[in-house]
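> Quick one, fold the following:
(one chain, ligands or ions: 2)
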Amino acid sequence: MLDADHIHALRAIDADINKYLYLRRLRLDDPNMYYRLLLLHSQELMPFVYTPTVGEACKRYGELNIQTWGLYITKNDRGKILDKLHSFTKSDIRVIVVTDGERILGIGDWGAGGMGISEGKILLYTVIAGVPPSQCLPICLDVGTNNDELLSSSSYRGLRERRLRGAAYDDLIGELFSALKARWPHTTVQFEDFGNANAFRLLDTFRPKHCCFNDDIQGTACITLAGVLAGLRLCHSDLTKQRVLFLGAGEAGTGIGELLSLALVKRHGLTLQQARAHCYFMDSKGLVCSARENLQHHKQPFAHSVPFARTLVEAVRQLRPTILIGVSTIPAAFTREIVELMAEYNDRPMIFPLSNPTHLSECSYADAFHWTGGRVIFASGSPFPPLQAASHGQLTTFHPAQANNAYAFPSIGFAASLTKCRSITDDVFLVAAEAISQFSKTEDLARGLLFPSFDNIQEISVALSSRCAEFMCANGLGDPPTSGFEGSWEPYVRSQMYKMPMPSQPIHSKL
Ligand SMILES: O=C([O-])CC(=O)C(=O)O
Ligand SMILES: [Mg+2]
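Ligands and ions are numbered 1, 2, ... in the order given. Reported below is the predicted structural model:
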């Protein structure tokens, strides 16, 4: 079968999960064709190998009897992880995505089914940034699950016990990192979809000694800041004039708040305290403010001296935000009343419902568009369809931007791998966000396209990987390659990228 035959076959499949399975089977049967299709049709196929379909795959990983190509480390591997890494693959692994499955997208604890998210994310390193598949490894830590549905399901294949916590959990991850360093000294590790209780601590622990980052905290922050900066290009404003209200104060929310604050410090000369005063958070109990007691550590920097508000609509009335960001996984939380208030207070309200997958989004593109009379600057976490509306007397297609961290992490990780980066600082994410915010042309911004199309993503990635690599070397975080590098990053990045495989000979399909 040729590329076009596969695309036709895929389009004829109705359920998204069956498209996902079709593509997985193709990866086994004809890996060249698989990568070729993904590279040629990134925009169309991304939703079936990644968010949102990957969420369903994680939930049904056991029932669908999916065979992984990644590595499971279970709590019973304690003391033997290095042996396991040695026996698993001979490849020169450079990037790793690791999850423990506790907080998959916005859908919670899916235990060993979390492997689906590691596989989906690692794939993007190849499809988006061009990291050769042989250098990529998805890992899922099977440390049990607290999901009763899984524990009692006959098709669940993970450990049938409650989650490992405390010192035993930390020791397992500590051993994994030591083993990785011994086996492949220059890997970049991406933490993905860990629960709040572990995510911040693991990042703080391993950041100083290993090249790693947390995608949900830092990757999401990077693409969201990029979206805000692109939106500000559209309304000719800047960050100092913004008041940002977040619904949700978990990893994604406070990660965005911190990066936005860093931008205000580094680019506008504010103190960190002044910068953080631009960001307000609502959690499940109401507005995070100084009157609140027993706030979790990561929320405390954002507990400002403002009156408490119990509901989002009260907080919107009180604070009159210019930007409203949803990281709550509460579907439809941005009600008509709230969106209309945003439109009343702002010429171009920025509304970013970032929760994943689609059914957990705080509002749809169509609602945000219509309720603001088409004035919204919009970005969501999961994709929404474009819509048509009259603009200057003409029917125009408007596109919702997808603020997916997939724009950011593959290039940052690739740059880290090429420079043997020792530490990925927050400044790297700031530089990446600024670069991404400049990629869309002004006329595309006006049609809602805050980010470039995925169909051109590899070209964008060359620019982004180069910018990040240059920054890492200029700031002593990594080193220029010792061979083949002639002082200019773009040609070097291109030379290291996975090349689009040639089409296979027509064969009788096994599918
Ligand atoms: O995977 C995505 O699309 C974004 C993400 O990291 C999450 O929601 O956890
Ligand atoms: Mg995630």
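> Give the rounded mean pLDDT of the helix or strand where Leu324 lies.
Using DSSP states H and E, Leu324 sits within strand 323-326. Mean per-residue pLDDT for strand 323-326: 98.
> Please enumerate residues in contact with the very next helix or strand once past that strand?
Next along the chain after strand 323-326, taking DSSP H and E as the criterion, comes helix 336-345. By CB atoms under 8 Å, 6 or more residues apart in numbering, the residues outside helix 336-345 that reach it are 312-313, 316-317, 320-322, 324, 349, 351, 363, 367-368, 371-373, 375-376. Yep, even glycine has a C-beta here, placed from its N, CA and C like the rest.
> Please pick the buried ones from these.
312, 316, 321-322, 324, 349, 351, 363, 367-368, 371-372, 376 (16 or more other CB atoms under 10 Å).
> Just checking: what are the partner strands of the strand holding Leu324?
Strand pairing for strand 323-326, using DSSP bridges, gives strand 244-247 (parallel), strand 350-353 (parallel).
> Can I get the ones you listed in CSV including mean pLDDT and distance to ligand 1?
As requested, these are exported to CSV (pLDDT from 0 to 100; distance: least, CB to the nearest ligand atom, whole Å):
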stretch, mean pLDDT, distance to ligand 1
strand 244-247, 98, 15
strand 350-353, 98, 12
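> Name the residues of the stretch 401-511 of the chain found near ligand 1, please.
Counting by CB under 6 Å from any ligand atom, the stretch 401-511 of the chain comes close to ligand 1 at Asn404, Asn405.
> In the stretch 401-511 of the chain, where is pLDDT below threshold?
Within the stretch 401-511 of the chain, the ranges that satisfy pLDDT under 70 run 503-511.
> can you pull out the helices in it?
409-418, 426-437, 442-446, 457-474, 489-496 (DSSP state H, counting those that start in this stretch).
> same thing with the stretch 51-200 of the chain?
Assigned by DSSP H, counting those that start in this stretch, the helices in the stretch 51-200 of the chain fall at 53-59, 81-88, 115-124, 148-151, 166-183, 196-206.
> touching ligand 2 at all, the third one?
So the one you mean is helix 115-124. No: Helix 115-124 does not reach ligand 2 (CB under 5 Å from the ion); its nearest approach is 6.6 Å.
> what packs against that helix?
Using 3 or more CB pairs under 8 Å, 6 or more residues apart in numbering; DSSP states H and E, the elements in contact with helix 115-124 are helix 53-59, strand 95-99, strand 136-142, helix 409-418.
> tilt between it and strand 95-99?
Inter-element angle recorded for helix 115-124 and strand 95-99: 160 degrees (by axes from the mean of the first three to the mean of the last three CA atoms, to 10 degrees).
> Likewise for the last one?
Using the same axes, to 10 degrees, the inter-axis angle of helix 196-206 relative to strand 95-99 is 150 degrees.
> Looking at the stretch 301-450 of the chain, which residue is nearest ligand 2?
Residue of the stretch 301-450 of the chain nearest ligand 2, by CB to the ion: Asn405 (7.1 Å).
> What count of nearby residues applies to that residue?
25 (other CB atoms under 10 Å).
> who's in contact with the closest residue to it other than its chain neighbours?
Using CB to CB, 6 or more residues apart in numbering and skipping the chain neighbours, the partner closest in space to Asn405 is Gly219 (3.5 Å). Each residue near Gly219 by CB under 8 Å, 6+ apart is listed here: Gln190, Phe213, Asn405, Ala408, Phe409, Ile412, Phe429.
> and of the residues you listed, the nearest to Pro452?
In terms of CB to CB, no member of the contacts of Gly219 lies closer to Pro452 than Ala408, at 12.4 Å.
> Could you find the closest non-adjacent residue to Ser91?
Nearest residue to Ser91, sequence neighbours excluded (CB to CB, 6+ apart): Ser134, at 4.6 Å.
> Now do the contacts for the most centrally placed residue in the chain.
For the chain, the residue nearest the mean C-alpha position is Asn405 (3.1 Å; CA atoms, centre = their mean). Going by CB under 8 Å, 6+ apart, Asn405 touches Asp215, Asp216, Gly219, Thr220, Cys222, Ile223.
> Kindly report the same for Ala406.
The neighbours of Ala406, taking CB under 8 Å, 6+ apart as the test, are Met46, Tyr50, Lys121, Leu124, Ile128, Ile223.
> The second one is in contact with Lys121, isn't it?
Yes: distance between Tyr50 and Lys121: 7.5 Å, which falls inside the contact criterion (CB atoms under 8 Å).
> Would you mind finding the most buried of the helices and strands packed on helix 115-124?
With neighbours defined as mean count of other CB atoms under 10 Å, the helices and strands packed on helix 115-124 peak in mean count at helix 409-418, which reaches a mean of 30.
> This structure against ligand 2: which residues are in contact?
So the chain meets ligand 2 at Asp193, Asp216 (CB under 5 Å from the ion).
> Quickly list the domain ranges of the chain.
The record assigns the chain these domain ranges, following automatic domain parsing: 46-210, 218-404, 406-480.
> Let me know how buried the residue of the stretch 1-150 of the chain found nearest ligand 1 is, in neighbour terms.
Using CB to the nearest ligand atom, the closest approach of the stretch 1-150 of the chain to ligand 1 is made by Thr51 at 3.3 Å. Counted by other CB under 10 Å, the residues lying close to Thr51 total 22.
> For the remainder of this discussion, apply numbering that starts at 6.
Yep, numbering from 6; the last one is Thr56 now.
> Could you list which residues are in contact with it?
Contact analysis of Thr56 by CB under 8 Å, 6+ apart lists Leu110, Gly125, Asn361, Pro362, Gly386, Ser387, Asn409.
> repeat that for 10 Å
By CB atoms under 10 Å, 6 or more residues apart in numbering, Thr56 lies in contact with 110, 122, 125-126, 361-363, 386-388, 407, 409-411.
> and the end-to-end length of stretch 441-458?
12 Å (CA to CA, to the nearest Å).
> quick one: buried residues of that stretch?
Ile441, Ser442, Phe444, Ser445, Asp449, Leu450, Gly453, Leu454, Leu455, Phe456, Pro457.
> swap in stretch 249-266?
In stretch 249-266, counting by 16+ other CB under 10 Å, buried: 249-266.
> out of these, which are inside helices?
Counting by DSSP state H, the part of the buried residues of stretch 249-266 found in helices is Glu256, Ala257, Gly258, Thr259, Gly260, Ile261, Gly262, Glu263, Leu264, Leu265, Ser266.
> for the closest residue to the fourth one other than its chain neighbours, helix, strand, or coil?
Spatial nearest neighbour of Thr259, excluding adjacent residues (CB to CB, 6+ apart): His303 at 4.7 Å. Recorded secondary structure, His303: helix (DSSP: H, G, I helix; E, B strand; the rest coil).
> For the residue nearest to Ser96, which residues are in contact?
Ser139 touches Thr94, Lys95, Ser96, Asp97, Ile98, Arg99, Thr131, Tyr503, counting by CB under 10 Å, 6+ apart.
> picking that back up, now the contacts of Thr56 in a markdown table, with distance to Tyr40?
Listed next are the contacts of Thr56 as a markdown table, based on distance: CB to CB, whole Å:
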| residue | distance to Tyr40 |
| --- | --- |
| Leu110 | 24 |
| Ile122 | 20 |
| Gly125 | 15 |
| Lys126 | 16 |
| Asn361 | 25 |
| Pro362 | 24 |
| Thr363 | 26 |
| Gly386 | 25 |
| Ser387 | 24 |
| Pro388 | 22 |
| Gln407 | 22 |
| Asn409 | 20 |
| Asn410 | 21 |
| Ala411 | 16 |
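> In strands only, show me these.
Mapping those onto strands (DSSP state E) picks out Gln407.
> Name the nearest of the contacts of Thr56 relative to Leu7.
Gly125 (25.6 Å).
> Ala394 reaches Thr401, doesn't it?
Yes: assessed by CB atoms under 10 Å, Ala394 is found in contact with Thr401 at 6.5 Å.
> Find residues that contact each of these two.
Common neighbours of Ala394 and Thr401 (criterion: CB under 10 Å, 6+ apart): Gly379.
> Check what pLDDT Arg41 gets.
We have a pLDDT of 93 for Arg41.
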